[in-house]
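*Asks:* next one to model:
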Amino acid sequence: MLPTDIQPTRADGRRSTCGPWRVRLIAMIALAVLSTLLQPGPVGAQANLSGELVHVTSAPKDGFVLYSDGTKQWVNGSCFDSLRSGGIDSRWAKYPTEVHPKPKKRPALDCEQLRELFSDDVSPPPSNPLTFTAELVTVQTKTTNQDGFALFNHGTQHWVHWDCFAELVAKGVGTRRVSYGGQVSPVPEQSPRFSCDELFVMMTDDTSEPPTPPPSPVLEAALVTVTTKAQDQDGFALFSDATQHWVDPGCFAELVAAGVNAPKVSYSAEVDSRVKRSERFSCDELLVMMDVTEEPPPSENRILVDAPGRVAGQSLQQALRSAEPGDVFVLLGGSYNPISISGLHGTAAAPIVIEASSPTRAVRFETNSHSSGTAVRVSESSHLEIRDIHVRHSLFGIVVDDSSDVLIDSVDVADVGQEAIRVRASGSVSERITIRNSRIGDTGNRSGSDSGGEPYSTYGEGIYLGDGSSESELVRDVRIINNEIYDTSTEAIDVKYPVRQVLIDGNVIRDVATGTSGAVAIHVNGSADRRDPDVRVRGNTFRNISDRTPYRDGNAITMATSVTVDSNTFSNIADHAVRIDSNRPSGATITVQVPSNNSFSDVGRQNVVVYGGGSVNLIR
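*Replies:* Sure thing, here's the model as predicted:
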């Protein structure tokens, strides 16, 4: 009871029952009740509140709770782990990117209150996952500790936790690699978080018909061995659509073992690095494209030959008569008698080979006369290879007659009476003849003159194709590649009319004193027709070309037909670099192409000149 001096009295003198102390007491009780109501209470009192658990990648805490009312709170590590182990899902976010600007921090709920909050969150998912499809990607350069992204068809994305990522891959969901900062940057709008099961449905339940791929082009391919390689590879696959690619050594060996023919070509000539590269094919696909229908080649039979040409008690000439496809005659160093090879036939997969045992141990064929005999003659034969031999002191060096698919590789022919190498046809066809990587020179050493008084030295061609008769039309598809031709007494290369399909590529032609035409002469004999013979002179070096008294024809190239002359280098030429004789043939216009990619220096007269009154279409 209050003291009487502070007890209120009414007007009638009776004591009052509702004084100021009662008012204060009621106010105190009301304030206490209100304060209690404002304290965080059980989650049931906040039934309209929901939240999302977020694992933060760069932050001093383990994660956030982001509430539906725009507030947040940090969750410490032990509580975060407890919530995760209790089955509450979380998503990854980068601090401060996805949780910035900072929302207002709300009073903290304890871990049990959070658990109840998440378990009572019955708000509907933000989107129906069945309206989504998704693609799983592995990110190469990641800014967060995740395995990859789910990219959705709505243009959104989200990180996939590594456990879920591994589960999706284990269930057969395909994945592709992309660069973060490339296909996933700038970051599109983040998608809603889905469970791993929902992601699996989205990534596998695509009922749309897959697009029908366009029919693959039917390609054929050829295999070639490259002699001058720009890469450490054995060769190229050349495709029928004019594309190409290198074949690795293991696949190359497998293709050859299966019977694919791989002729040798020059990288700078037949394999043009400017051609568009093809897509990569497997070795099995290449094998199908190369359509091996022949039997695999027989195992190589190496036959050792001792100088002066003895093989198991018989001469080399005798042994060659019984040669079979795949035989390789290996010649030891020394001097050999002349040989005549006739009626010898290998196959594309198993040619017959005559070669020196070592390029450094000279194998020398000779007749010991500048006025008679041929050191090596090939007639009526096919699929034959002659490698690394030397020819000396003979009237003719190597003669190929009525034969096909003959390779003359890395030979050295010098000190001959007339022609060093001759290809001709005497009634049958000589075609697909390749002369490459060889040294050819010092020709025209026969003394005296012919019955017409012409010195024999005027017959000293380095390489002589045809003979100017109608039979020459049977000589075709000849390739002269990467040779050094020097000190010939007349033309270094003489292509007689009507020889066709000739490639002269990558040769060095030097120190030649020409007779009546040029270092390279093409169809300058007699009256020729105007058909394009398909002759190309490219990538050669002409150096020190002079004339021979009493003639004044120190030209590098002389032609009387359509020819393409490109990418050659001419220096120190006595007369013209390119001379076109238009008065010899008759009929329609001939076309000569001499583009600007040719190089000229120290040319005595004109770089390119047209003689005669015939019609010439000169393309520069």
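*Asks:* helices and strands around whichever helix or strand residue 225 is part of, which ones?
*Replies:* Element membership for residue 225, per DSSP states H and E: strand 221-226. Strand 221-226 sits against strand 235-239, helix 249-257, strand 264-265, helix 283-289, with contacts defined as 3 or more Cβ pairs under 8 Å, 6 or more residues apart in numbering; DSSP states H and E. The way it works is simple: take the backbone N, C-alpha and C, and place the C-beta from them, glycine included.
*Asks:* at 10 Å what do you get?
*Replies:* On a contact count with 3 or more Cβ pairs under 10 Å, 6 or more residues apart in numbering; DSSP states H and E, strand 221-226 meets strand 235-239, strand 244-247, helix 249-257, strand 264-265, helix 283-289.
*Asks:* could I get the average pLDDT for the last one?
*Replies:* So that's helix 283-289. Taken as a whole, helix 283-289 has a mean pLDDT of 77.
*Asks:* same question, the shortest one
*Replies:* Mean per-residue pLDDT for strand 264-265: 68.
*Asks:* now swap in stretch 344-354 and tell me
*Replies:* Mean predicted lDDT for stretch 344-354 stands at 94.
*Asks:* can you check stretch 166-181 too?
*Replies:* Here the average pLDDT along stretch 166-181 is 73.
*Asks:* likewise for stretch 407-424?
*Replies:* 95.
*Asks:* check which helices and strands the helix or strand hosting residue 405 sits against.
*Replies:* Taking DSSP H and E as the definition, one finds residue 405 inside strand 404-409. If you count contacts as 3+ Cβ pairs under 10 Å, 6+ apart, strand 404-409 packs onto strand 352-356, strand 374-379, strand 382-387, strand 396-401, strand 421-424, strand 430-436, strand 475-481.
*Asks:* quick revisit: tilt between the strand holding residue 225 and helix 249-257?
*Replies:* Put simply, strand 221-226 runs at 110 degrees to helix 249-257, going by axes from the mean of the first three to the mean of the last three Cα atoms, to 10 degrees.
*Asks:* CA-only coordinates of strand 221-226 in PDB, if you can.
*Replies:* Provided in PDB are the C-alpha atoms of strand 221-226 (Å, rounded to 0.1, in the frame of the first residue of the first chain):
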ATOM      1  CA  ALA A 221      41.500 -40.700-101.100                       C
ATOM      2  CA  ALA A 222      45.000 -41.400-102.300                       C
ATOM      3  CA  LEU A 223      48.000 -42.000-100.100                       C
ATOM      4  CA  VAL A 224      51.300 -40.400-101.100                       C
ATOM      5  CA  THR A 225      54.800 -40.500 -99.500                       C
ATOM      6  CA  VAL A 226      56.300 -37.000 -99.300                       C
END
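*Asks:* direction included, what does that strand pair against?
*Replies:* Paired strands of strand 221-226, with direction, are strand 235-239 (antiparallel), strand 264-265 (parallel) (DSSP bridges).
*Asks:* and the end-to-end length of stretch 542-562?
*Replies:* 20 Å (Cα to Cα, to the nearest Å).
*Asks:* got the buried residues for it?
*Replies:* Neighbour-count burial for stretch 542-562, counted by 16 or more other Cβ atoms under 10 Å, picks out 542-548, 553-562.
*Asks:* what of stretch 371-385?
*Replies:* 373-385.
*Asks:* how about residue 473, secondary structure?
*Replies:* Following DSSP: H, G, I helix; E, B strand; the rest coil, we place residue 473 in the helix state.
*Asks:* begin at 19 from now on, thanks
*Replies:* That works, and once the first residue is 19, the last one we named lands at residue 491.
*Asks:* what's the closest non-adjacent residue to it?
*Replies:* Nearest residue to residue 491 in three dimensions, chain neighbours excluded: residue 516, at 4.6 Å (Cβ to Cβ, 6 or more residues apart in numbering).
*Asks:* likewise for residue 574?
*Replies:* Going by Cβ to Cβ, 6+ apart, residue 574 has residue 560 as its nearest residue, at 4.1 Å.
*Asks:* for that neighbour, give me phi and psi.
*Replies:* phi -110, psi 120 (degrees, to the nearest 10).
*Asks:* any idea how far residue 629 is from it?
*Replies:* 19 Å (Cβ to Cβ, to the nearest Å).
*Asks:* still on that earlier bit, so the residue nearest to residue 491 makes contact with residue 485?
*Replies:* No. When contacts are counted by Cβ atoms under 10 Å, residue 516 is not listed as touching residue 485 (11.1 Å).
*Asks:* circling back to that earlier point, make sure the residue nearest to residue 491 is indeed in a strand.
*Replies:* No. Judged by three-state DSSP, residue 516 forms no part of a strand; its state is coil.
*Asks:* that one: how many residues sit nearby?
*Replies:* 22 (other Cβ atoms under 10 Å).
*Asks:* next, it: phi, psi?
*Replies:* phi -110, psi 50.
*Asks:* what's the separation between it and residue 483?
*Replies:* 11 Å.
*Asks:* residue 336 sits in which helix or strand?
*Replies:* Short version, using DSSP H and E: residue 336 is in helix 334-339.
*Asks:* and after the strand holding residue 423, which helix or strand comes next?
*Replies:* Strand 422-427 is succeeded, C-terminally, by strand 430-431 (DSSP H and E).
*Asks:* which strands or helices does that following strand pack on?
*Replies:* Contacts defined by 3+ Cβ pairs under 10 Å, 6+ apart place strand 430-431 against strand 381-384, strand 408-410, strand 414-419, strand 457-459.
*Asks:* partners of the third one in the sheet?
*Replies:* Looking at strand 414-419 with DSSP bridges, its partner strands are strand 392-397 (parallel), strand 439-442 (parallel).
*Asks:* output it in PDB with nothing but the alpha carbons.
*Replies:* C-alpha atoms of strand 414-419 as PDB (Å, rounded to 0.1, in the frame of the first residue of the first chain):
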ATOM      1  CA  PHE A 414      73.300 -42.900-123.400                       C
ATOM      2  CA  GLY A 415      72.800 -42.900-119.700                       C
ATOM      3  CA  ILE A 416      69.300 -44.200-118.900                       C
ATOM      4  CA  VAL A 417      66.700 -44.900-121.600                       C
ATOM      5  CA  VAL A 418      63.000 -45.700-120.800                       C
ATOM      6  CA  ASP A 419      61.100 -47.100-123.800                       C
END
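*Asks:* between it and strand 422-427, how big is the angle?
*Replies:* Going by the same axes, to 10 degrees, strand 414-419 makes 160 degrees with strand 422-427.
*Asks:* for strand 414-419, which positions count as buried?
*Replies:* Within strand 414-419, the residues scored as buried using 16+ other Cβ under 10 Å are 414-419.
*Asks:* quick one, what contacts residue 527?
*Replies:* 458, 480, 501-504, 506, 509-511, 537-538, 558-563, 574-575, 586 (Cβ atoms under 10 Å, 6 or more residues apart in numbering).
*Asks:* pretty sure it is in a strand, no?
*Replies:* Yes. Checked against three-state DSSP, residue 527 lies within a strand.
*Asks:* of the strands paired with strand 239-244, flag the one that's most buried.
*Replies:* strand 253-257 (a mean of 23; mean count of other Cβ atoms under 10 Å).
*Asks:* I'd like the mean pLDDT over that one, please.
*Replies:* 71.
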